[in-house]
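**Student:** Sequence first, predicted model second:
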Amino acid sequence: MAKIAFITGITGMVGSHLAEYLIANTDWEIVGLIRWRSPLDNIKNLIENINTKNRVKLVYGDLNDGISIDTAIGETKPDYVFHLAAQSFPKTSFDSPIETLNVNIQGTVRLLDACKKHVPKAQIHVCASSEVFGRVPQDKLPIDEECSFHPASPYAISKCGTDLVGRFYAEAYGMNVQTTRMFTHTGPRRGDVFAESTFAKQIAMIEAGYIEPVVKVGNLKSLRTIADVRDAVRAYFLLLTHNPQPGAYYNIGGTFTCEIGDVLNTLLSLSPMKEKIRVEVDPERLRPIDADLQVPNTEKFRLHTGWKPEIGYKQTMEDLLNYWRERVAENKGKFVIR
């Protein structure tokens with residue numbers, strides 16, 4: 001009998017790519033948790049599977065509603081749980097800190113309580129974030145798993161809670177929970193609230209003639225190590241299938257490190273309009289405080305699983321820009337610039 005994987009956040013960038021990876025590389029049945037108002041754009045490649053009941057099923061639920069989560073887990077009885085859903089936008093968390101804390105911390109508790117009740121032996125991945133490390137001194141780079149938390153946003157605080165909750169359920173209840181701190185990962189379907197994606201979106205809209213040739217930016221000095229989302233989901237699969245260690249926690253990330261300004265320059269270099277585009281700093285895009293040195297030490301995860309990135313940085317940027325070119329063409333430029 002085929003195993004069952006339960007994905008929270010299946011309509012997000014990572015969840016949708018994970019579902020596609022599992023379809024292509026396993027015989028598992030996939031159950032995705034969605035809210036009734038979740039946009040389905042990111043899972044359009046799965047629509048045929050969903051409609052024909054071929055290995056993919058969607059169930060309704062909300063991390064803020066414990067009853068719906070309990071019902072979803074109780075009826076599904078998954079063997080694997082990938083907890084990817086979250087309020088995942090750091091800048092938004094400054095405006096909605098309570099909602100961010102509730103969804104990301106209490107929502108994780110609700111999910112793990114349901115798993116403890118219905119599937120205590122399931123293999124569970126709780127996705128935290130590299131944002132937990134926050135403002136790291138230069139002499140602490142690259143960041144390993146034992147680096148102290150110094151969160152720089154309500155989102156980062158919530159992910160500290162997510163991380164610790166996952167580890168607590170493993171230690172206190174003997175559950176097979178592992179947590180990850182994934183560093184910057186991007187590619188097709190990346191939300192436009194993130195720097196590199198809003199750059200690509202604006203460039204695509206400029207190329208199509210929908211907006212003036214100006215790319216608005218925030219802090220371009222933040223240092224990031226970039227990975228491709230398609231490499232990230234492969235890592236998550238290995239996490240739960242390659243000798244999983246209950247209570248383990250890992251840093252996962254790419255190998256290409258640069259400033260956000262370098263990412264912008266790469267995207268501009270891929271545009272035929274690069275000579276005509278201006279760059280302007282928009283004060284509204286600046287955070288009150290920023291996690292500006294995000295460089296991981298991923299040796300622990302590499303040694304345990306053998307995982308390493310396979311998709312190069314430039315390919316990721318090309319695919320991200322082409323994704324936005326397609327979206328802009330489909331929607332005829334009818335987007336809010338964020």
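**Tutor:** Received, thanks.
**Student:** what are the pairing partners of the host helix or strand of I226, and which direction each?
**Tutor:** Assigned by DSSP states H and E, I226 belongs to strand 223-228. With DSSP bridges as the criterion, the sheet partners recorded for strand 223-228 are strand 185-186 (parallel), strand 256-259 (antiparallel), strand 293-294 (parallel).
**Student:** could you point out which element follows the first one?
**Tutor:** Towards the C-terminus, the helix or strand next in line after strand 185-186, according to DSSP H and E, is helix 195-207.
**Student:** Against S158, how distant is S96?
**Tutor:** Here the criterion is CB to CB, to the nearest Å. By it, S96 lies 11 Å from S158. Bear in mind the C-beta positions are built from the backbone N, C-alpha and C, glycine included.
**Student:** Same check on T257?
**Tutor:** Distance from T257 to S158, counting by CB to CB: 26 Å.
**Student:** neighbour count winner among the two?
**Tutor:** S158 (31 against 20; other CB atoms under 10 Å).
**Student:** Model confidence for the more buried one, exactly?
**Tutor:** Taken from the predicted model, the pLDDT recorded for S158 is 98.
**Student:** Equivalent analysis for I98, please.
**Tutor:** pLDDT recorded at I98 is 97.
**Student:** Counting neighbours, what do you get for it?
**Tutor:** Residues within reach of I98, counting by other CB under 10 Å, total 9.
**Student:** can you tell me the average pLDDT over the next helix or strand after the strand holding I226?
**Tutor:** Tracing the chain past strand 223-228, the next element assigned as helix or strand by DSSP H and E is helix 229-241. Averaging pLDDT along helix 229-241 gives 98.
**Student:** Between strand 223-228 and helix 229-241, find me the angle.
**Tutor:** Between helix 229-241 and strand 223-228, the angle formed by their directions is 80 degrees, by axes from the mean of the first three to the mean of the last three CA atoms, to 10 degrees.
**Student:** Deepest-packed of the strands paired with strand 223-228, please.
**Tutor:** Mean neighbour counts were compared across the strands paired with strand 223-228 using mean count of other CB atoms under 10 Å; the top stretch is strand 185-186, at a mean of 26.
**Student:** hey, where'd the helices end up in the protein?
**Tutor:** Remark: helices assigned in the chain by DSSP state H are 13-25, 47-51, 66-76, 90-95, 97-101, 107-118, 154-173, 195-207, 229-241, 260-269, 299-305, 313-331.
**Student:** so can I have a markdown table of those helices showing distance to P188?
**Tutor:** Written out in a markdown table, the entries for those read as follows (distance: least, CB to CB, whole Å):
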| stretch | distance to P188 |
| --- | --- |
| helix 13-25 | 8 |
| helix 47-51 | 17 |
| helix 66-76 | 27 |
| helix 90-95 | 21 |
| helix 97-101 | 25 |
| helix 107-118 | 26 |
| helix 154-173 | 23 |
| helix 195-207 | 10 |
| helix 229-241 | 7 |
| helix 260-269 | 14 |
| helix 299-305 | 24 |
| helix 313-331 | 4 |
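**Student:** weakest of those helices in terms of mean pLDDT?
**Tutor:** helix 90-95 (a mean of 90).
**Student:** who does that helix touch, helix- and strand-wise?
**Tutor:** Counting by 3 or more CB pairs under 8 Å, 6 or more residues apart in numbering; DSSP states H and E, the packing neighbours recorded for helix 90-95 are helix 154-173.
**Student:** tilt between the helix it packs on and helix 107-118?
**Tutor:** Orientation note: helix 154-173 sits at an angle of 20 degrees relative to helix 107-118 (the same axes, to 10 degrees).
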